[in-house]
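Participant: would you be able to build a 3D model of this:
(2 chains)
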Amino acid sequence: DSGVTQTPKHLITATGQRVTLRCSPRSGDLSVYWYQQSLDQGLQFLIQYYNGEERAKGNILERFSAQQFPDLHSELNLSSLELGDSALYFCASGGQGKETQYFGPGTRLLVL
Amino acid sequence: DAKTTQPPSMDCAEGRAANLPCNHSTISGNEYVYWYRQIHSQGPQYIIHGLKNNETNEMASLIITEDRKSSTLILPHATLRDTAVYYCIVIGNNDMRFGAGTRLTVKP
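Facilitator: Take a look at the predicted model:
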């Protein structure tokens, strides 16, 4: 158990819909990272928040957005969903930069 | 794009040492080498990391060449539960770029 929690575990929705994935970091960690893992793309870094502010951006689509709240939990919002957005979405938490990241169990999203 | 190159797959006999290579020839002076593994579709699990010196912990050893252009992760006594995809990652500015990793299969 990494100490990082993600909800929901599974999510099934339809194309065009919007969903919100939630992540609670380990106690004491100020950074939250989001990753997408699909079968044909491997594990892709999406975005990082540190203490409420966006710190780094990866391959995140404009239809996706994230935020980190004062209690340090984070939400990843996916809108106008497409079939290709079906994937595992992982959240990780860590320190400021090059420290170890601890991954949650992931949310499996299926877009039908 | 990932800054590392790893063989796509390797086999290892149970109880033997598993040596997983990684090339990171474009690594910069302030970038660390991290190793993670992913078992099935679970979240990646941290194994070890290093900058210049060799490192060892309860899970594995990390050998980094003097020029830092490559490294080797060593699992000293592989078990069936070590079957996983192993990712070698170079971390610079906060983001981790995962490559395809090496699928290690430990066989009885």
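Participant: tally of neighbours for the residue of chain B found nearest chain A?
Facilitator: Residue of chain B nearest chain A, by C-beta to the nearest C-beta: residue B:43 (3.2 Å). (Glycine included, C-beta is placed from N, CA and C.) When neighbours are defined as other C-beta atoms under 10 Å in any protein chain shown, residue B:43 has 22 of them.
Participant: mind checking which helix or strand it is in?
Facilitator: Per DSSP states H and E: residue B:43 is located in neither a helix nor a strand.
Participant: pretty sure it contacts residue A:101?
Facilitator: No - applying C-beta atoms under 8 Å as the test, residue B:43 and residue A:101 come out as separate, 9.9 Å apart.
Participant: between those two, what contacts are shared?
Facilitator: residue A:92 (C-beta atoms under 8 Å, 6 or more residues apart in numbering or on different chains).
Participant: which residues lie in contact with the residue of chain B closest to chain A in this structure?
Facilitator: Counted by C-beta under 8 Å, 6+ apart, residue B:43 has contacts A:2, A:4, A:90, A:92, A:103-106.
Participant: repeat for residue B:82
Facilitator: B:12, B:18, B:37, B:75, B:104, B:106.
Participant: out of the contacts of residue B:43, which one has the weakest pLDDT?
Facilitator: Across the set of the contacts of residue B:43, residue A:2 stands lowest in pLDDT, at 86.
Participant: can you tell me the helix or strand for the most centrally placed residue in chain A?
Facilitator: Nearest to the geometric centre of chain A sits residue A:34, at 3.3 Å (C-alpha atoms, centre = their mean). Secondary structure assignment for residue A:34, by DSSP H and E: strand A:31-38.
Participant: near chain B, list only the ones from the contacts of residue B:43.
Facilitator: Among the contacts of residue B:43, proximity to chain B is found for A:2, A:4, A:90, A:92, A:103-106 (C-beta under 8 Å from any C-beta of the partner chain).
Participant: from residue A:81, how far off is the residue of chain A found nearest chain B?
Facilitator: For chain A, the residue closest to chain B is residue A:103, as judged by C-beta to the nearest C-beta, at 3.2 Å. Distance of residue A:103 to residue A:81, given as C-beta to C-beta, to the nearest Å: 23 Å.
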